[in-house]
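**Student:** Quick one: sequence plus predicted model below, questions after.
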Amino acid sequence: MTDVAEPLRAGAIGPSHWDDLSIRVRRSAEFVAIPLFALVVSALLFSVFLFALGKSPLDFYSLVYRGGFGTAFSLQNTFQRSAPLILTALAVAVPARIGLVIIGGEGALVLGGFASAAIAIPLVLGKLPPIPTLLIMAVVGSFVGAVWIGIVGYLRYARGVNETISSLLMTYIGIAIMNFFVEGSLRDLTNPNKPSTMPIGDAYMIGKIPGTDVHWGLAVGIVLAILLHILLTRTTFGFAVRVSGGNPRAALAQGLPVGKLIVICCMIAGACAGLAGFFEVAAIQGRANASLAAGYGFTGILVAFLARHNPVAIIPVAILFGGIVASGGLIQRRMDLPDATVLVLQGLTFVVLLMSETLYGRFKIFQVKAAADRT
Amino acid sequence: MELLRINRRTFLQGSAAALVGTGATVGIAHAADVTLGIVYVGPRDDFGWNQAHAVAVKSLKTLPGVKTVEEENVPETDACSKTMESMVNLDGANIILGTSFGYFDPFMVDLAKKYAKVEFRHAAPLWDAKKHPKNLGSYFGYLNQAHYVDGVAAGLSTKSNKLGFVAAKPIASVLSNINSFMLGAKKTNPKAVVQVIFTGDWSLPVREAEAANALVDAGCDVITCHVDGPKVVIETAEKRGVKTCGHNASQAPLAPKGFITGAEYKWETIYKGYATDLAAGKALPNMVSGGYEGDMVQNSPFGAGCTPEGKKAAEAAIADLKAKKPIYVGPLKDNKGKVVIDKTYDNLDPYLDQMNYLLEGVVGSIT
């Protein structure tokens, strides 16, 4: 492609159409090839680990395939597990675009879920129809999540508090707040052994996507990922966010409202996580209790980093992760390996992926721009 | 139901067309065999609740025609229903055991409706004939009886007459274990008092260690507990050089010097019952529960911390419990002086399941 692009560029007054396309194809190729390479390397490393345990890697990967993707049942299992991951990964990816590492999505998820379950109590008792009830629950859940992570963003901007630490610590505060109400004033006394809020009841539960076993959270997550991608790459807001993320001082010098942008990005993130909490309540648990803190917020961090904070890339990565987790059970049962095996695979993948970051820009084949600049 | 499944399959065929063939080869167990699937919320080797179940499942592996499939660290979300469905669909399980409280409602209730031919049993007394499907049920053990035996042995193994109890939450089953432990200790040692500290949650290792240390500092020379994983409490106490009684599973290996005995479930009895009933084609009971009289609880082998007199008294107490001799001999007062147990109650009396008090002899408060 370079052969075509170079003479064209040399002769053209402005950047030509072909040149532009070539650059974009090669750039995206880099973003696909390097993570794929990292995945293959981690799979090979993990095979060594399996050999050390005396197990066959081939069996392992065929079980991952069968348990995660190989049958209609497995695929649905995978999709169901990836649904909350898309939303919690978005909660990491959006602030990452403005240079913030937020790892407190779990807290926003828990509080968002709790808030939507709490607001549902008077609505359900007041016999409001399900659809407006669910809408109000969703809005309240995402709003509470937005405020929660918004606080993190504000503290970062106004007081210089490290957002990674504060968001993580606030997760524990969030879980404690939920426990305080769930074990106290909002406790459903008909359920003496596991403190929970009052169940919203079957009539108020969000159904499954027709013909599947997967709840609507998956569809909403996918749509939201695409919308956020457009917002971040195709709008002035997105441009301002990227500029602020790249060089906050330069952005300030250009008159960009960096502080506002930081808080808005954090609020979007919190809203995504809060929405994940809403779906956990409205589609799965039917009530808020300690089961809300199931770790989706933390797995989302991994998914977002694997997807390099690209909202659209989050979708396949979340599905891949959902598949690995879904197959974890079959691996335990068939290969007699402990549950932590899948965690080892996840951890290896994460480390290799982080190391692969250093590979970007080192392969000539992807460096269209450099080649073009030479002419 | 069959139709529905075909629909779903066709729906996904776009993405899975080539793969469905592979899926069909997944082995489904022979109809006459029993495949028992069991799901744990934590690791199988936690020296606690999950291990107690895993030990019982292991004992089933020797039974002919019984296959077991296990999965650990399954959270109380829809992940647990997917795990159970996967056991039914991919492993051909005909009975599913859920061992964590939060698996029951809504997950196991929904699954029992969806898979009417599969039996579902859950390890807490939640099944209600009026509300829940017939292929669902509950099982549990009266562990307080084994805690009573712990108390009997501890009463004769203490020197300071102060016994410490690290407890998770002040709910009925925990309170019943504390009160029974105290009554056992009082039986052999009228001077004994039990001091309790509530940590507030099922698994808070740091606070459990703090509580164990605080009890030792307060002069207790025997420590026991009711938390999810007793490992931290037992190890901390052993390090401090005091004696221990276990909970849920055997912690004897953790305390070679100070272990007295421990309260253990004997899920084996219940699981073997399920497996043999299923193999014989008999209907499974919906509710199974019991204590020593039903061989559903047991005590860990006596350790180095137990005195010979303690061991003798404990063995006599076990014989009494097997003969259904009551633990709660009324009238008994709570530790604020109010009579809460007006008469003698049978060991399995539902009145005792509603316990919301600490009896006289226990130092501590539930609020």
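**Tutor:** Yep, that arrived. Quick caveat, the model's predicted, so the values are computed rather than measured. Residues are numbered from 1 along each chain as shown, chains lettered A, B, ... in the order given.

**Student:** what residues does the stretch 1-150 of chain A put near chain B?
**Tutor:** Counting by C-beta under 8 Å from any C-beta of the partner chain, the stretch 1-150 of chain A comes close to chain B at A:66-67, A:69-77, A:80-81. C-betas here are computed from N, CA, C, even on glycine.

**Student:** one more time with 10 Å, if that's ok
**Tutor:** When proximity is defined as C-beta under 10 Å from any C-beta of the partner chain, the stretch 1-150 of chain A approaches chain B at A:62, A:65-67, A:69-81, A:83-84.

**Student:** Let me know the pLDDT of the nearest residue to B:Asp33 once chain neighbours are set aside.
**Tutor:** Using C-beta to C-beta, 6 or more residues apart in numbering or on different chains and skipping residues adjacent in sequence, the residue nearest B:Asp33 is B:Gly65, 5.1 Å away. pLDDT, B:Gly65: 88.

**Student:** Counting neighbours, what do you get for B:Gly219?
**Tutor:** 12 (other C-beta atoms under 10 Å in any protein chain shown).

**Student:** swap in A:Ala203?
**Tutor:** 9.

**Student:** OK, contacts around it?
**Tutor:** Neighbour list for A:Ala203: A:124, A:129-130, A:133 [criterion: C-beta atoms under 10 Å, 6 or more residues apart in numbering or on different chains].

**Student:** Could you list which of the residues of the stretch 1-150 of chain A next to chain B belong to helices?
**Tutor:** If you go by DSSP state H, the residues of the stretch 1-150 of chain A next to chain B have A:62, A:65, A:72-81, A:83-84 in helices.

**Student:** Mind telling me the two of these farthest from one another?
**Tutor:** A:Ser62 and A:Pro84 (27.1 Å; C-beta to C-beta).

**Student:** quick one: which of those two has more around it?
**Tutor:** Counted by other C-beta under 10 Å, A:Ser62 and A:Pro84 do not tie: A:Pro84 has more neighbours, with 32 against 14.

**Student:** Please tell me how far the closest residue to the more buried one other than its chain neighbours sits from B:Gly262.
**Tutor:** In this structure, A:Pro84 finds its nearest non-sequential neighbour in A:Tyr296, 4.3 Å apart by C-beta to C-beta, 6+ apart. Distance, A:Tyr296 to B:Gly262, by C-beta to C-beta, to the nearest Å: 36 Å.

**Student:** just A:Ala52 next, same as before
**Tutor:** 35 Å.

**Student:** quick one: which helix or strand includes B:Phe140?
**Tutor:** strand B:136-141 (DSSP states H and E).

**Student:** which helices and strands sit right next to that strand?
**Tutor:** Applying 3 or more C-beta pairs under 10 Å, 6 or more residues apart in numbering or on different chains; DSSP states H and E, we find strand B:136-141 packed against strand B:95-98, helix B:109-114, strand B:119-122, strand B:259-265, helix B:267-279, strand B:287-290.

**Student:** One more pass at 7 Å, please.
**Tutor:** On a contact count with 3 or more C-beta pairs under 7 Å, 6 or more residues apart in numbering or on different chains; DSSP states H and E, strand B:136-141 meets strand B:119-122, strand B:287-290.

**Student:** What are the contacting residues of the first one?
**Tutor:** Put plainly, it is strand B:119-122. The contact list for strand B:119-122 (C-beta atoms under 7 Å, 6 or more residues apart in numbering or on different chains) reads B:94-98, B:103-104, B:108, B:111-112, B:135-139, B:274, B:284.

**Student:** for the last one, same thing?
**Tutor:** Under the criterion C-beta under 7 Å, 6+ apart, residues B:125, B:127, B:137-142, B:270, B:273, B:296 lie in contact with strand B:287-290.

**Student:** Share the number of residues neighbouring the nearest residue to B:Gly361 once chain neighbours are set aside, please.
**Tutor:** Using C-beta to C-beta, 6+ apart and skipping residues adjacent in sequence, the residue nearest B:Gly361 is B:Met182, 4.7 Å away. Using other C-beta under 10 Å, B:Met182 has 29 neighbouring residues.

**Student:** element containing B:Met182?
**Tutor:** Using DSSP H and E, B:Met182 falls in helix B:172-188.

**Student:** What residues of that helix count as buried?
**Tutor:** Buried positions in helix B:172-188, judged by neighbour count with 16 or more other C-beta atoms under 10 Å in any protein chain shown: B:173-188.

**Student:** Sort these by pLDDT and name the bottom one.
**Tutor:** Within those, pLDDT is lowest for B:Ser173, at 88.

**Student:** average pLDDT across stretch B:165-172?
**Tutor:** 90.

**Student:** just to revisit the earlier point, check the contact between the residue nearest to B:Gly361 and B:Val194; I expect there is one.
**Tutor:** Yes: contact criterion C-beta atoms under 7 Å: B:Met182 and B:Val194 qualify, at 4.2 Å.

**Student:** Which neighbours do these two have in common?
**Tutor:** With C-beta under 7 Å, 6+ apart as the test, B:Met182 and B:Val194 both reach B:361-362.

**Student:** re the thing from before, now, of the helices and strands packed on strand B:136-141, which is deepest in the fold?
**Tutor:** The highest mean neighbour count among these, using mean count of other C-beta atoms under 10 Å in any protein chain shown, belongs to strand B:119-122: a mean of 26.

**Student:** Which neighbours in the sheet does that one have, and how are they oriented?
**Tutor:** Strand pairing for strand B:119-122, determined by DSSP bridges: strand B:95-98 (parallel), strand B:136-141 (parallel).

**Student:** Turn those into TSV, columns for mean neighbour count, mean pLDDT and distance to B:Ala79.
**Tutor:** Output for those, formatted as TSV (neighbours: other C-beta atoms under 10 Å in any protein chain shown; pLDDT from 0 to 100; distance: least, C-beta to C-beta, whole Å):
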stretch	mean neighbour count	mean pLDDT	distance to B:Ala79
strand B:95-98	26	96	12
strand B:136-141	23	94	19
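
**Student:** Need those strands in TSV (columns: distance to A:Gly104).
**Tutor:** As requested, the strands paired with strand B:119-122 are exported to TSV (distance: least, C-beta to C-beta, whole Å):
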stretch	distance to A:Gly104
strand B:95-98	31
strand B:136-141	38
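
**Student:** Spatially central residue for chain A, please.
**Tutor:** Of all residues in chain A, the one closest to the mean position by C-alpha atoms, centre = their mean is A:Ala89, 1.0 Å from it.

**Student:** got the residues of the stretch 151-300 of chain A near chain B?
**Tutor:** For the stretch 151-300 of chain A, the residues in contact with chain B (C-beta under 7 Å from any C-beta of the partner chain) are A:193-194, A:211-213, A:284, A:286, A:291, A:294.

**Student:** 10 Å - rerun?
**Tutor:** Residues of the stretch 151-300 of chain A lying near chain B (C-beta under 10 Å from any C-beta): A:179, A:183, A:191-196, A:199, A:202, A:205, A:208-215, A:280, A:283-287, A:289-296.

**Student:** Please convert the buried members of those into ChimeraX selection syntax.
**Tutor:** Buried residues among these (16+ other C-beta under 10 Å), as a ChimeraX selection:
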select /A:179,183,191,194,195,196,199,205,208,209,212,213,214,215,280,283,284,285,286,287,289,290,291,292,293,294,296
